[in-house]
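# Build me a model from this:
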Amino acid sequence: MKWSSKSFAGAVLLAGVVLCCPACKKKAAQAMASDLHDAGYQLTAEDWFRACETNDVEAMKKFLAAGFSDKTKDAEGNVGLHHAAQGGAEKSAEFLLNRRLPIDELNHDKRTPLMLAVIAKQASMVNYLLRQGASPQLKDKDNYSPLMLAVKESSANCVSSLAPYSRDELDSALLLSAMEGKPEVIDSLTNYGASVYTRMEDGRTPLMIAAENGQLEAVKLLTELGSSRFTTDSEGRTAATLATAAGFPEVATYLLKEPSAAELSLESDDQVATKMEALVEAAAQDGEVEAGGTRYHETSHPAVAAGSSASSAPVASSHGGSIVATKGRPLARPMSLQGETLSASVPREGQPQSEAAGGTAATFSSPPLVMRHYREREVPVEIRTVEGDTAVVRIPGARSREVRVKEGQHIPGSNLLVVKVKRRMESSKLNFGLPTEVSVVQVRDTANGATREWIAGVTSQAHDPVALVEDAATGKRYVASTGQHFKGADGREFVVSDVRPNQLVIEETSSGQTQTIPLKGPRG
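As a prediction, the model looks like this:
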């Protein structure tokens, strides 16, 4: 091969460039290190993490140009993304994620950047990482998920961010927050679907857990949210019993108050609907509705106490249990779900959601209902037995007492009139399906006309368990109870087969197919 003078010169120049590249790179790295020094940084891991934590992306670029590795770890195994997360540095996080760094990188404690953001109470960063695909299901070496860490760190804002991604953990998180006494976290969890009626395997409720751990403020909030201080666990212990045994007399004294007139009452359908709508509406407005600073307690507001159905009654409720007047806007009482037709069809199993929507613009979860709230309320009256026309009832309190009440008489301290006393044969799971004679007392609340039938050995309730559900398209709310029938937009009929604290179960009447609607809470 022959070389021309021009070709030879080009080859020599190329060789010179190749030979000079390492030296050029070294000089460039040195220049970048100098620039970093001028910007207040040394080419060290400590300063790299400082740049990551403070959103100094320009400095981060200089680190990398100087040959620094973005995979560098500190003594705890944290990479730059961990530091950006705990510093709330979204620009740094975005820069690192654009370099394809794993969003769920684990440190030595198996904690992800999302977890460190939670521990640092960086709610904005938590939201950012969730939007980028960070996993809320991973658990650290102590078996804490991001949601449980948020509870442990008392970060209500982070709980609110994580709750919609961690619905299976909400009740467990509520039990933990009750144990540790976290009122703000309890409020946030229940707004997103945690149930105050949930129980541990031994029957203890969140209220009982809070009581036996001496968490008075948590106890107060849980009772305002609907927890009954009269509920018993599998061993027959109440929250007060547990508080006393654990050595918390102040908590026990609070729980052992004599039943109030409001507690010794029934609730009409109008009352139940109004209270549920009030609570959900207020919680949807960040937990508080105000009008000229006027505030009312739930049990003392006259319109609520009387079960008024007047649409002009000023009854919106904060999630903490207070009733406050609305800003010039009357609350519309939700109607019963019975006989109603939804705005969209209920999807069958495996049916695309778009087909079920009946051609509407909106797309719904399956089915097109949202469960916003669940309500049940015990009445502190225990039916012991009946003797002829007389009922023997026990009323708990600081000094529990048994009283004898005849037909036509009121239960002491209440508006509850004993209408009928009888014994009848009844079959149930408690007696293995065999007919057994039971004591039955029919009562009527003379303040609102509501009636109930109470049975010895069964918890006395103020009303049937009900749920407040919402049409996913229109936002219209209904009160749902067991046995109600309703239709989808395609005419298929459904029945509410069960109302539970954390879900509504519906059944298509023609096929028998069942679906569950999970409790999402007022803000879920």
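
# which intervals of the stretch 251-400 of the chain have sub-threshold pLDDT?
Judged against pLDDT under 70, the low-scoring parts of the stretch 251-400 of the chain cover residues 286-331, 349-367.

# can you give me the helices in it?
269-284, 302-305, 353-356 (DSSP state H, counting those that start in this stretch).

# And for the stretch 1-150 of the chain?
All helices of the stretch 1-150 of the chain, identified by DSSP H, counting those that start in this stretch, fall at 5-38, 45-53, 57-65, 80-87, 90-98, 113-119, 123-131, 146-152.

# Identify all contacting residues around the fourth one.
By C-beta atoms under 8 Å, 6 or more residues apart in numbering, the list of residues contacting helix 80-87 from outside reads 48-49, 52-55, 60, 70, 72, 74, 89-90, 92-93, 96-97, 101, 103, 105, 107, 111-114, 116-117, 119-120, 122, 125, 129. No exception for glycine: its C-beta is placed from N, CA and C like everyone else's.

# Now a PyMOL select for only the buried ones of those residues.
Here is the PyMOL selection string for the buried members of the contacts of helix 80-87, based on 16 or more other C-beta atoms under 10 Å:
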select buried, resi 48+49+52+53+54+55+60+70+74+89+90+92+93+96+97+101+103+105+107+111+112+113+114+116+117+119+120+122+125+129
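
# Would you agree S343 is in contact with D471?
Yes - with contact taken as C-beta atoms under 8 Å, S343 and D471 are classed as touching, separated by 5.4 Å.

# intersection of neighbour lists for those two?
P368.

# Can you give me the end-to-end span of stretch 453-472?
As for stretch 453-472, its first-to-last residue distance stands at 35 Å under the measure C-alpha to C-alpha, to the nearest Å.

# Give me the buried positions along that stretch.
By neighbour count, and taking 16+ other C-beta under 10 Å as the criterion, the buried residues in stretch 453-472 are 454, 456, 459-463, 465-472.

# per-residue confidence averaged over stretch 79-94?
For stretch 79-94, the mean per-residue pLDDT is 98.

# And stretch 412-426, by the same measure?
93.

# again with stretch 457-477
Mean pLDDT, computed over stretch 457-477, is 93.

# tell me how far the ends of it are from each other?
In terms of C-alpha to C-alpha, the two terminal residues of stretch 457-477 are separated by 35 Å.

# centre of the chain versus that stretch, how much separation?
Taking the mean of its C-alpha atoms, stretch 457-477 sits 17 Å from the chain's own mean (C-alpha atoms, centre = their mean, to the nearest Å).

# for stretch 382-400, same thing?
Distance of stretch 382-400 from the chain centroid (C-alpha atoms, centre = their mean) equals 37 Å.

# Thought E407 was touching D389, still the case?
Yes - under the criterion of C-beta under 8 Å, D389 is in contact with E407, at a separation of 4.8 Å.

# more crowded one of those two?
Neighbour comparison, D389 and E407: the larger count goes to E407, with 17 against 14 (by other C-beta atoms under 10 Å).

# Am I right that the more buried one is in contact with L417?
No - using C-beta under 8 Å, E407 is not in contact with L417; the gap is 9.1 Å.

# List the ones among the buried residues of stretch 453-472 that fall in strands.
454, 466-471 (DSSP state E).

# Quick check: of these, which lies closest to T241?
T241 lies nearest to W454 out of these, by C-beta to C-beta, at 22.7 Å.

# Pull the contacting residues for that closest one.
Counting by C-beta under 8 Å, 6+ apart, the residues that W454 touches are 381, 383, 440-443, 460.

# How about A163, nearest residue that isn't a chain neighbour?
With C-beta to C-beta, 6 or more residues apart in numbering as the criterion, A163 has its nearest non-adjacent residue at 3.5 Å, and that residue is Y192.

# what are the phi and psi values for that neighbour?
With angles defined as degrees, to the nearest 10, Y192 sits at phi -110, psi 10.

# quick one: pLDDT of it?
At Y192, the predicted lDDT confidence score is 93.

# for R523, same thing?
You'll see R523 listed with a pLDDT of 87.

# Just confirm it contacts A283, I think it does.
Yes - A contact is recorded between R523 and A283 when judged using C-beta under 8 Å, the distance being 6.2 Å.

# So for those two, which sits in the more crowded spot?
Remark: of R523 and A283, A283 carries more neighbours, 25 against 20, as counted by other C-beta under 10 Å.

# any idea how far E105 is from that one?
As judged by C-beta to C-beta, to the nearest Å, A283 and E105 stand 36 Å apart.

# so how far does stretch 255-262 reach from one end to the other?
Stretch 255-262 has an end-to-end distance of 15 Å (C-alpha to C-alpha).

# what's the helix or strand encompassing A243 in contact with?
With secondary structure defined by DSSP states H and E, A243 is part of helix 239-246. Residues lying outside helix 239-246 but in contact with it, judged by C-beta under 8 Å, 6+ apart, are 204-205, 207-208, 210-214, 219, 227, 229, 231, 237, 249, 251-252, 255-256.

# Please list only the buried members of these.
Neighbour-count burial within those applies to 204-205, 207-208, 210-214, 219, 227, 229, 231, 237, 251-252, 255-256; the criterion is 16+ other C-beta under 10 Å.

# Can you list which of those residues are found in helices?
With helices taken from DSSP state H, the overlap with those comprises 207-208, 210-212, 219, 251-252, 255.

# Could you identify the most distant pair in the buried residues of stretch 453-472?
Spatially, the most separated pair among the buried residues of stretch 453-472 is A456 and A472, at 42.4 Å (C-beta to C-beta).

# Tell me who's in contact with V280.
Taking C-beta under 8 Å, 6+ apart, we find V280 in contact with 372-373, 468, 477, 522.

# Including distance to A278, could those go into TSV?
Conversion of the contacts of V280 to TSV gives the following (distance: C-beta to C-beta, whole Å):
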residue	distance to A278
R372	12
H373	10
L468	10
R477	11
P522	11
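
# sorry, back to before: between the ones in strands among the buried residues of stretch 453-472, which is closest to K487?
Closest approach to K487 among those (C-beta to C-beta): D471, at 12.3 Å.

# give me the beta-bridge partners of that closest one?
Taking DSSP bridges, one finds L369 as the beta-bridge partners of D471.

# Next: I506.
V496, Q515.

# burial count for A59?
As a burial measure, A59 scores 21 neighbours (other C-beta under 10 Å).

# next one: E250
Number of residues near E250 (other C-beta under 10 Å) recorded here: 11.

# what does R199 give?
Residue neighbour count, defined by other C-beta under 10 Å, stands at 17 for R199.

# got the contact list for it?
Contacts for R199 were tallied using C-beta under 8 Å, 6+ apart; they are 205, 233.

# go with 10 Å
R199 is in contact with 171, 175, 205-206, 208, 231, 233-234, 501, counting by C-beta atoms under 10 Å, 6 or more residues apart in numbering.

# Please apply the same query to G88.
With contact taken as C-beta under 10 Å, 6+ apart, G88 is in contact with 53-55, 117, 120-126, 128.

# now swap in L504 and tell me
Residues in contact with L504 (C-beta under 10 Å, 6+ apart) are 337, 367, 369-371, 374, 466-467, 469, 480-482, 496-498, 515-519.

# If any of those are buried, put those into a PyMOL selection.
Here is the PyMOL selection string for the buried members of the contacts of L504, based on 16+ other C-beta under 10 Å:
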select buried, resi 337+367+369+370+371+374+466+467+469+480+481+482+496+497+515+517+518+519
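
# Please produce a markdown table containing the contacts of R199, extended by pLDDT.
A markdown table is the format used below for those (pLDDT from 0 to 100):
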| residue | pLDDT |
| --- | --- |
| D171 | 95 |
| L175 | 97 |
| T205 | 97 |
| P206 | 98 |
| M208 | 98 |
| T231 | 93 |
| D233 | 94 |
| S234 | 92 |
| P501 | 93 |
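
# JSON lines for these, including distance to S268?
Listed next are the contacts of R199 as JSON lines, based on distance: C-beta to C-beta, whole Å:
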{"residue": "D171", "distance to S268": "30"}
{"residue": "L175", "distance to S268": "33"}
{"residue": "T205", "distance to S268": "26"}
{"residue": "P206", "distance to S268": "28"}
{"residue": "M208", "distance to S268": "29"}
{"residue": "T231", "distance to S268": "23"}
{"residue": "D233", "distance to S268": "31"}
{"residue": "S234", "distance to S268": "33"}
{"residue": "P501", "distance to S268": "22"}
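
# Fine by me, thanks again.
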